[in-house]
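Visitor: Sequence and predicted structure, then a few things I'm wondering about:
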Amino acid sequence: MKILVDAYGGDNGASVVIDACLIALFKHKNLEIDIVGRRAELEQILLNRSYDKTRLNIINAETIITCDESPVEALRSKRDSSLVVALDLLKTGDYAGLVSAGSTGAVLSGAVLKLGRLKGISRPGLSPLLPTIKGGKVLLIDCGANMDCKPINLAHFALMGSEYMRVMEGIPQPRVALLNVGVENAKGNELAKEANKLLASLPINFVGNMEARDAMSGMYDVIVSDGFSGNVLLKSIEGTLKSFMHVLKTGLKSSLKGKIGGLIIKKPLKKILKTYDYQAYGGSPLLGTKKIVVKAHGSANTNSLVSSIEQVKEFSERDLLTKIGNVISVTEDMLESVSEPKTSNGRE
């Protein structure tokens, strides 16, 4: 199995990306990786590394798309960038998928424009896994790929998310909830109200609306949202966890009693930190494109990038895209017949 990895875009540089590739190759003997980036620089990093040269190949790409650039304009003007070269190879070559920690806008736009959408999918959704207080996982879809959505988009997110959790997490009937300001069916804006009705008609285990405070409660397996609200939810969770841990550590260090207490709770605290470390969950797959693309976090460390590579491997081995396509095809006629209601701003 061959996987493409974009060497650039992450906060920690190409060296961390290469380390992740080498670890993944060591762990999985049936894996081959083509890493895309500046050949001279990558060869210099690899100079003192020990690895199987028959399973790691460098594909030259001289430029980089940065987060400061317009995604679409950069994709058009920087055809020799690591991301564009990787996407072109993914489209035409025999690769299982691509991992990139680069510009989120460029990765998402490039995946849709160059790879295309699965048949029947209105819009792909960015879909990270989050830990729950019960020790399980919950999938959030969408968390930033689509700022403005229609009910049909949320319906496709629900179908894709439900199938993802069935195939990848082994949950027979994933509990699918719609992110809203209240649990009552009549709550929310026009998008939420219409989406609630549409999701209730789908062949999934739709359990109704949910509030953001219950995102990690373990009561749900899939959270469906437009990209704007989903991104706010995701960043709020990340920020709250970081703030809580900072306050906790500061408190434990502030006095002798605190330091003694810190020693007592050191082991369970490490376990808690590991459970809620987003780096351990890999990247966010973009569900709905014709090829597998995993968007790694910009600040991804080596472990997170290894997990992202392993995600591509597992998605391919379990034939996730085909199974999502089959689910969409079953409901395609029904969803096509749904008239698009007006959103709260009055536009179609």
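Guide: Alright, I've got the coordinates.

Visitor: Test my guess that residue 100 contacts residue 295.
Guide: Yes - Residue 100 is in contact with residue 295 according to C-beta atoms under 8 Å; the separation is 6.4 Å. From N, CA and C alone the C-beta is placed, and that goes for glycine too.

Visitor: what is in contact with these two at once?
Guide: When C-beta atoms under 8 Å, 6 or more residues apart in numbering defines a contact, the residues bordering residue 100 and residue 295 alike are residue 107.

Visitor: Just the residues contacting stretch 55-62, thanks.
Guide: Residues external to stretch 55-62 that are found in contact with it (C-beta under 8 Å, 6+ apart): 21-22, 25, 31-39, 42-43, 46, 80-82, 84-86, 89.

Visitor: for it, the distance to its chain's centre please.
Guide: The gap between the average C-alpha position of stretch 55-62 and the chain average comes to 24 Å, counting by C-alpha atoms, centre = their mean, to the nearest Å.

Visitor: re the thing from before, among the contacts of stretch 55-62, name the buried ones.
Guide: The neighbour-count criterion (16 or more other C-beta atoms under 10 Å) marks 21-22, 25, 31-38, 42, 46, 81-82, 84-86, 89 among the contacts of stretch 55-62 as buried.

Visitor: tell me the helices in this structure, going along the chain?
Guide: 14-27, 39-46, 71-77, 82-92, 104-110, 151-169, 190-200, 227-253, 256-264, 266-275, 302-317, 320-336 (DSSP state H).

Visitor: want to try CSV for those helices, with distance to residue 2 and mean pLDDT as columns?
Guide: Compiled in CSV, those are given as follows (distance: least, C-beta to C-beta, whole Å; pLDDT from 0 to 100):
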stretch, distance to residue 2, mean pLDDT
helix 14-27, 12, 95
helix 39-46, 17, 95
helix 71-77, 23, 93
helix 82-92, 10, 97
helix 104-110, 19, 93
helix 151-169, 21, 97
helix 190-200, 37, 95
helix 227-253, 30, 86
helix 256-264, 47, 80
helix 266-275, 31, 71
helix 302-317, 10, 95
helix 320-336, 16, 89
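
Visitor: Same list (the ones you listed) but as a markdown table, adding distance to residue 139.
Guide: Compiled in a markdown table, the helices of the chain are given as follows (distance: least, C-beta to C-beta, whole Å):
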| stretch | distance to residue 139 |
| --- | --- |
| helix 14-27 | 23 |
| helix 39-46 | 33 |
| helix 71-77 | 25 |
| helix 82-92 | 23 |
| helix 104-110 | 17 |
| helix 151-169 | 5 |
| helix 190-200 | 15 |
| helix 227-253 | 11 |
| helix 256-264 | 34 |
| helix 266-275 | 17 |
| helix 302-317 | 12 |
| helix 320-336 | 12 |
